[in-house]
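Novice: Need the 3D shape of this:
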Amino acid sequence: MSLAGTGVLGRTGSFAGTGALTRLALRRDRLTLPLWALVTGGMVASGAGSLEGLYGTAAERAELAASMTANSSMRAMYGPVFGDSLGGLVAWRFGTFGAVLAAVASLIVVVRHTREEEETGRQEMLSAGAVGRRAPLTAALLAALTLNAAVALIVTAGLAGQSAAGALALGLAIGGTGMVFATAAALAAQFTESARLAKGLAAGVLGLAFALRAAGDAGTSDGSSVLTWLSPIGWAEHVRAFAGERWWVLLLIVAAVLVQTAAAYVLTARRDVGASFLATRPGPAEGRLATAGALAWRLQRGTLLGWSLGFLLGGLVFGGMVEGAADIVGDNERAREIFERMGGQSALTDAFLATMVSLFGMLAALYAVGSVLRPHGEETSGRAEPLLANALGRLRWAAGHLMIAFAGSALILALAGVGLALSYGHDLGPILGAALVQLPAVWTLAGLAVLLWGAAPKAAAAGWGVAGLCLALGWIGPALGLPQGVLDLSPFGHLPKLPGPEMAWGPVLVLTGLAAGLTAAGLAGLRRRDVAG
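Specialist: Residues are numbered from 1 along each chain as shown. Okay, here's the model as predicted:
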């Protein structure tokens, strides 16, 4: 008999328990939500100080705005420059990436508290009490709203000195974009039975939105392309913070949030807990899946294919920007120093290439960590226990997933190098080598994730936090002028900056050995602890 039939929900409504579930979600994410908010909002808010050091005069800022607007590659990456004030340059340089970070954080939060709860069986236990059908989804969206409100507040407070109206417009645009993808993730969670697939579907929508905006902005210098208007990220751009704010564009964001929320509510009321509208296709129980490695490949091949295509396309896109690298900095020595800190003390073109391969390396670390933690998801969902109850050993089971994680990260970095070389028209060898030299740092972070999963599974999710911190240090740290000692907290800070300088094998060998040691320690912990049921 359903809860509705007992009269419990008839008395309390389909939103019963929302407050308690919201407090539970905020408590569970009491560390990750503030960290996401501080990184995202702080990156945007601190941009004024770094840009003021680079372009201190109105003439320098006007020259930068003109050169960036004329450069189609830079428009594809950051969007057009709508205003040459300091606030306008902050909105141009950090607005798009702030919106993307808010979107990523939001979709992770929503899937974590909806589909992941159903996949692990926790939601079924909660639903046995006086919890309304729409309460879990509402709690997840309220957690995402809390995150995005905090981001908007940090951005507004940090940039209010430039212009209160512009700061508020930029904060609302970034936070609103986060909520668009939070509600998109809520929809994705209704269609898949797996939290991993729900995240992948929502991330695919985000990637499509970014591609539409990039293609539209590359084609027009004023952002008027239809493709840009089809993208929620383009809507955030068209708010035009610090450049004659268009407040009405925020209504598009509000409308998208309301429509997607309503659709998610309708769908969640029409399915059972744990079910989905897209049924999982059953696979063969023997033959190709007779080994643990084959099963791991079957589970992870779709993810690897998506990352491979993304890195190849990303390499092609960034390779086309290399020739315009000099236009990014012009004669500004401070900007040149930043690129050199990010990419090595070589010629500017080599420094730009080194910066790009370093970015690909940091993104590859996110793939490696996610792939390493895939068996942790199998364990917590109860699917690993039946496998390990037979003759399959823990190490052999884990080895299949780890092989895909470590070899897969090498594959996607190689594809990024190939894309860069093809698009730039440069010899493949040096760029491919520069891409692959990122592997020791990638494997070090993957090894740390193995250690956390094997020795302290409750803290396994911290592997994501460490990888995200390294990404923030490598991509934002140089622009913010952080000391080299802080940048060196990331393993990527110790790698040789190729192409350009001579190869330094010492750090590469040390990091490779560290990765092997962390992985071995994690597997030793896995052998000794209980398997989660």
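
Novice: L201 contacts T192, correct?
Specialist: Yes - counting by Cβ atoms under 8 Å, L201 does reach T192; the two are 6.3 Å apart. C-beta: built from backbone N, CA, C; applies to glycine.

Novice: For the longest helix along the chain, what is the distance to the chain centroid?
Specialist: The longest helix of the chain (DSSP state H) is helix 394-424. Relative to the centre of its chain, helix 394-424 is centred 18 Å away, using Cα atoms, centre = their mean, to the nearest Å.

Novice: list the buried ones in the following helix or strand past that helix?
Specialist: Helices and strands here follow DSSP states H and E; after helix 394-424, the next one along the chain is helix 428-436. Buried residues in helix 428-436, counted by 16 or more other Cβ atoms under 10 Å: P430, I431, L432, A434, A435, L436.

Novice: Packing partners of helix 428-436?
Specialist: Using 3 or more Cβ pairs under 8 Å, 6 or more residues apart in numbering; DSSP states H and E as the contact test, the elements touching helix 428-436 are helix 348-372, helix 394-424.

Novice: any idea of the angle that helix forms with helix 394-424?
Specialist: Computed by axes from the mean of the first three to the mean of the last three Cα atoms, to 10 degrees, the angle separating helix 428-436 from helix 394-424 equals 140 degrees.

Novice: Give the residues shared as contacts by L201 and T192.
Specialist: Counting by Cβ atoms under 8 Å, 6 or more residues apart in numbering, no residue touches both L201 and T192.

Novice: Would you quantify the distance from P483 to E52?
Specialist: Look at P483 and E52: by Cβ to Cβ, to the nearest Å, they are 19 Å apart.

Novice: Those two: who's more crowded?
Specialist: Comparing P483 with E52 by other Cβ atoms under 10 Å, the one with more neighbours is E52, at 15 against 8.

Novice: Helix or strand: which one has the nearest residue to A462 once chain neighbours are set aside?
Specialist: Residue nearest to A462 in three dimensions, not counting chain neighbours: L452, with 5.8 Å by Cβ to Cβ, 6 or more residues apart in numbering. Using DSSP H and E, L452 falls within helix 439-455.

Novice: and the helix or strand just after that helix, what does it pack onto?
Specialist: Using DSSP H and E, the helix or strand that directly follows helix 439-455 along the chain is helix 462-475. For helix 462-475, the contact count by 3+ Cβ pairs under 8 Å, 6+ apart identifies helix 32-45, helix 348-372, helix 439-455, helix 484-487 as packing neighbours.

Novice: one more time with 10 Å
Specialist: The contact analysis (3 or more Cβ pairs under 10 Å, 6 or more residues apart in numbering; DSSP states H and E) places helix 462-475 against helix 32-45, helix 86-112, helix 348-372, helix 439-455, helix 484-487.

Novice: Please state the offset of the second one from the chain centre?
Specialist: The one in question is helix 86-112. Centroid separation for helix 86-112 versus its chain: 10 Å, with Cα atoms, centre = their mean.

Novice: ok, now the first one?
Specialist: On the basis of Cα atoms, centre = their mean, helix 32-45 is displaced by 13 Å from the centre of the chain it belongs to.
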